[in-house]
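# What follows is a predicted protein model with its sequence.
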Amino acid sequence: MRNNFISATRWLCAVVSVSVSLNATLSNHAQAADPDHVIVPGYERFQADMNRFDAGRLLISELNCQSCHGVFQKEVLPQRRAPILTNVGDRIRFEHLKAFIAKPQGVKPGTAMPHLLTGDDAASNAEALAQFLTHGKSPLEAPVSSSAVSRGETLFHSVGCAACHGDLRKPADERPAFAMPLGPLDQKYTVGSLVEFLKDPHAVRPSGRMPSLNLDDKEARDVASFLLKDIDVEPRMMVDYFEGGWQKLPDFDQLTAKSTTPATDFDVTVAPKNDGFALRFRGFVHIPTDGEYQFWLGSDDGSRLLIDGMEIVNVDGVHPHSVKDANANLTAGPHAFVVEYFENGGEESLSAEIAGPELNRQPLAALVSNDKQPPSQNSSIAVNPELVKSGQRLFTSLGCASCHEFGKPGSEEQLPSQVPSFAKLDPTKGCLSTQPKKGIPQFALSNQQRADIAATLASAQTPSDATATATANHQIGTALLTLNCYGCHQRNDIGGVPRELDHVFTGSIPEMGDEGRVPPHLDGIGDKLKTTWLTEVLNKGAKDRPYMATRMPKFGAKNVGQLIELFGNHDRKTEVAEVEFDKPLHRVAADARLMVGDQALSCIKCHYFGTHKATGIQSLDMTTMTKRLRRDWFHRYLLNPSAYRPGTRMPSAWPNGKSVVPHILHGNSAQQIEAIWWYLLDGTKARVPSGLLVKAIELKPEDRPIVYRNFIEGLSPRGIAVGYPERAHIAWDAEQMNLRLIWHGAFIDASKHWVGRGPGFQTPLGDHVMQLAAGQPLAVLDDNKQPWPKELARANGFSFNGYRLNKAGQPTFDYEWNGVEVADFIEPIAAEPDASLRRTLTLTAPQPVAHLYARIAAATSIQETQDAWLIDDAIRLTFDGVEPIVRQADGRAELLVPITTNASNTATVRYNISW
């Protein structure tokens, strides 16, 4: 049984600032400028400490040997598939493809692509294959902007690219040997084709070894520009250079240019000085089809865009980089353009972009030229039908079709039966031979790699070894090694950030130390994270640590195999018992809100809460915790954070199991942690903790009630909130003629509506917020089984007649329905620990009304207790002189009160509400 496939002691390379020292990776990991063998990052980094079976198995997977030789035992992950070649002519230059086919290792040292073409006809066969694959297509050319190159360099060396490919700012021979080489990208791609690949690498490389970093269009273009910074593109426009001092754009027609030169992009660095200059770019923009186009112009300082002499966008004046946009209807064909720009002082920048019908947002320079002839965007090769046919035959006969999909999905073909299975392979012959026969793939393998593969094959052919079952932990390690997760993460003292690349892992909050810049370890990750979140992260990537520059990439669900299940089965623990409370959950949540706020544990000092920033460092968002974490782990972690993350800055609020806030929930640690969990289950809907609303305009009813008419969350736009000095508050909906919200504590924050334009709906500021039944309050029913009307109250004839205040300033809400006048009066009743409400509905009818009902509650559960009605185990109702009816309707319980008018055709419904 193979459990420890890597010796942990030698490879403890994660950067941890306390108690654990940083072990240096070995000096022999510096690579030559051009590697002479296949580079598999996990193999290069860990081979010296791996057993030979696992080293060879990793190579078998990453060289895609299964495509020809069948399944190799039971793999944790799908094998690494070769790139999909469908439409390869749209993304790779013909000359590069031809050269790569002819001599893969010579064009891209370190590639896993074997050498197949030998003999005098190698060059012509390569030409034929390239002709067949591209059918004369070639990717569109586009210029590279110096500003994009600068941004792309920063992105490449911060978001995670460098974790696998190394620091490209250093010479090749100073990069670690396990850095995946990129090859001559400027010979392979154009800016546009590399952008598309970076945005969705799985579309071409479906196995997830090149994961997606979820780059948006601009980020992908910036990174592509950096990687292709040496690309040679013909000038596309002319630029006039002027000198002077301006506060706004000058009249260029009145100026004499110091020089006029060709340019490939709207690049302000063409100016020989940094301040006091102006530029005028001019040429023709070629519109592909009739329609409306959107233009973006950004600059520091001023600029404007003119097309056919008409001003389109104006960003004039002295200012930091600012972007404005505008639309214009244009016909297909060339249009004269001018971009004017001036720089007064300080920073200088200029950007121009376009989008339109079937045209994604992209640099304007991609569509411009010096004259009315469209820019030369490709170098298509004349198609030779005979060569295409020859290439098609070669694609099958050489075995290319066994590895590469070309055409319809799943079009790879299995080679003929004479190709031996793994069980029958002779490790001294075939692909492993140092001098393979013609037609046999020749991989650029080192002697060590050949020996490891041979040892694996020999071991697999021995029944005892071939049937051995690896432990779950070993299988997890194999998967992490294959996907190069160890390049960022540590697990079981293996892997983590290597010393050579420590500097590319950065964060925006230095006070967080390594926790704020180095990806977390994966010890017990299946115990920590919910299966749903693990699946989400591996399938889609994540960016829930905004302070950390490195992103969690997207590998794709189909590429992680059994890894998620293995994490859960191996790591998961269940040690925390269920926790019970002696109060309703809405009061428990209020206690939790108090704990995480600035009056108790002050979690808000380090954790932001939804859209509200923390008051100190900006660590993980509390509102996402129950979405990500398992409850069991959450309990154990809060009790002892350093046991789960050594060196963490997360303090313990329950040292030795004892609470530092003993006045809340009896000081019971389990109840306090469970309360926080319940509170956070509401996610972004949870009440904002105390201390975060620093710019709040809190309305405080002290001597008299406050009536606040504005947009209230959960109500129609005709909501009316009333705050009482007794600190029990209501919100009444004048659209539905009903009491909709009740809560305790603070009343409301008016800043949303009193500052600026006042948009949006405001939530109550206090605790114990309860939402009451929506819909019209009264109805005439033939019997108590007839469904309650679903229409809005106003649509069914209800009309609001306003409200009136008594001497104490308490409102009574008046409305009318079919001649029945209703007065709805709610008053607070002081009590401990919180006030209750007493509601009185007074109805006056012109004549007796039969079968009239008031709906008091609609909830999941309504239970009758000895002296009250309990709504969803949270709200307690006691009635004066009436007998409510409970019924089931549409899967919910409803509490109805039958109303019978007296001789004066009046009726009163009175009840108390406590919660």
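All right, it came through fine.
# middle-most residue in the protein, spatially?
In the chain, the centroid-proximal residue (CA atoms, centre = their mean) is Ala542; its distance is 4.5 Å.
# Tell me the secondary structure at Ala589.
helix (DSSP: H, G, I helix; E, B strand; the rest coil).
# And for the nearest residue to it once chain neighbours are set aside, the neighbour number?
Spatial nearest neighbour of Ala589, excluding adjacent residues (CB to CB, 6 or more residues apart in numbering): Tyr679 at 4.3 Å. Placement of C-beta: from N, CA and C, glycine included. Tyr679 is flanked by 24 other residues according to other CB atoms under 10 Å.
# okay, Tyr679: pLDDT?
For Tyr679, the pLDDT comes out at 97.
# cool, and Lys98?
So Lys98 comes in at 97 (pLDDT).
# cool, and Tyr293?
98.
# Helices of the stretch 551-700 of the chain, start to end?
Secondary structure of the stretch 551-700 of the chain, counting by DSSP state H, counting those that start in this stretch: helices at 563-571, 585-596, 625-628, 631-639, 641-644, 669-680.
# now for the fourth one, which elements pack on it?
Identification of packing neighbours for helix 631-639 by 3 or more CB pairs under 8 Å, 6 or more residues apart in numbering; DSSP states H and E yields helix 525-528, helix 641-644, helix 669-680.
# Going by neighbour count, which residues in the second one are buried?
By neighbour count, with 16 or more other CB atoms under 10 Å as the criterion, the buried positions of helix 641-644 are Pro641, Tyr644.
# Check which helices and strands it is in contact with.
Here helix 641-644 touches helix 631-639, going by 3+ CB pairs under 8 Å, 6+ apart.
# Next one: Tyr637 from Ala686, what distance?
19 Å (CB to CB, to the nearest Å).
# for Trp915, same thing?
Trp915 is 18 Å from Ala686, by CB to CB.
# cool, and Ile875?
As judged by CB to CB, Ile875 and Ala686 stand 19 Å apart.
# same thing with Met650?
20 Å.
# In this structure Trp915 contacts Ile875, no?
Yes: contact criterion CB atoms under 8 Å: Trp915 and Ile875 qualify, at 4.6 Å.
# got any residues that touch both of those two?
Residues touching both Trp915 and Ile875 by CB atoms under 8 Å, 6 or more residues apart in numbering: Met770.
# Quick one: neighbours of His286, just the number.
His286 sits with 18 neighbouring residues when counted by other CB under 10 Å.
# Which residue ranges make up each domain of the chain?
Domains of the chain are assigned by automatic domain parsing as 9-82+421-504, 237-369, 585-685, 698-914.
# what's the following helix or strand after the one helix or strand in the chain whose mean pLDDT sits lowest?
Across the helices and strands of the chain, mean confidence by mean pLDDT, DSSP states H and E is lowest for helix 463-466: a mean of 49. Later in the chain than helix 463-466, the nearest helix or strand by DSSP states H and E is helix 472-482.
# Need the CA coordinates for that next one. PDB is fine.
Extracted in PDB, the C-alpha atoms of helix 472-482 (Å, rounded to 0.1, in the frame of the first residue of the first chain):
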ATOM      1  CA  ALA A 472      -7.700   8.200   0.400                       C
ATOM      2  CA  ASN A 473      -5.000  10.600   1.600                       C
ATOM      3  CA  HIS A 474      -2.600   9.200  -0.900                       C
ATOM      4  CA  GLN A 475      -5.200   9.600  -3.700                       C
ATOM      5  CA  ILE A 476      -5.800  13.200  -2.600                       C
ATOM      6  CA  GLY A 477      -2.000  13.800  -2.700                       C
ATOM      7  CA  THR A 478      -1.900  12.400  -6.200                       C
ATOM      8  CA  ALA A 479      -4.600  14.700  -7.400                       C
ATOM      9  CA  LEU A 480      -3.100  17.800  -5.800                       C
ATOM     10  CA  LEU A 481       0.300  16.900  -7.400                       C
ATOM     11  CA  THR A 482      -1.300  16.400 -10.800                       C
END
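# Next secondary structure element downstream of that helix?
Using DSSP H and E, the helix or strand that follows helix 472-482 towards the C-terminus is strand 490-491.
# and that next one, how far from the chain's centre?
Centroid displacement of strand 490-491 relative to its chain, using CA atoms, centre = their mean, to the nearest Å, is 23 Å.
# Sheet-wise, list the partners of that strand with their directions.
strand 494-495 (antiparallel) (DSSP bridges).
# could you give me the average pLDDT of the strand it pairs with?
So the average pLDDT for strand 494-495 ends up being 97.
# what residues are up against Gly526?
Leu534, Leu566, Phe567, Gly568, Asn569, His570, Asp571, Arg572.
# likewise Tyr637?
Tyr637 sits in contact with Lys528, Leu629, Tyr644, where contact means CB under 8 Å, 6+ apart.
# 10 Å - rerun?
Contacts for Tyr637 were tallied using CB atoms under 10 Å, 6 or more residues apart in numbering; they are Gly524, Asp527, Lys528, Leu629, Arg630, Ala643, Tyr644, Arg645, Thr648, Met650, Ser652, Ile673.
# Return the member of the contacts of Gly526 nearest to Gly430.
Distance to Gly430, by CB to CB, is smallest for Leu566 among those, at 33.0 Å.
# Quick check: the closest one vs Leu213, distance?
Taken as CB to CB, the span from Leu566 to Leu213 is 25 Å.
# For the helices of the stretch 551-700 of the chain, give me JSON lines that also has distance to Ala470.
Formatted as JSON lines, the helices of the stretch 551-700 of the chain follow (distance: least, CB to CB, whole Å):
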{"stretch": "helix 563-571", "distance to Ala470": "10"}
{"stretch": "helix 585-596", "distance to Ala470": "43"}
{"stretch": "helix 625-628", "distance to Ala470": "29"}
{"stretch": "helix 631-639", "distance to Ala470": "26"}
{"stretch": "helix 641-644", "distance to Ala470": "26"}
{"stretch": "helix 669-680", "distance to Ala470": "36"}
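# So for Asp222, which of the ones you listed sits nearest?
helix 625-628 (29.7 Å).
# Which residues does the closest one contact?
The contact list for helix 625-628 (CB under 10 Å, 6+ apart) reads 528-530, 532-534, 536-537, 542, 544, 607, 620-621, 634, 676-683, 686.
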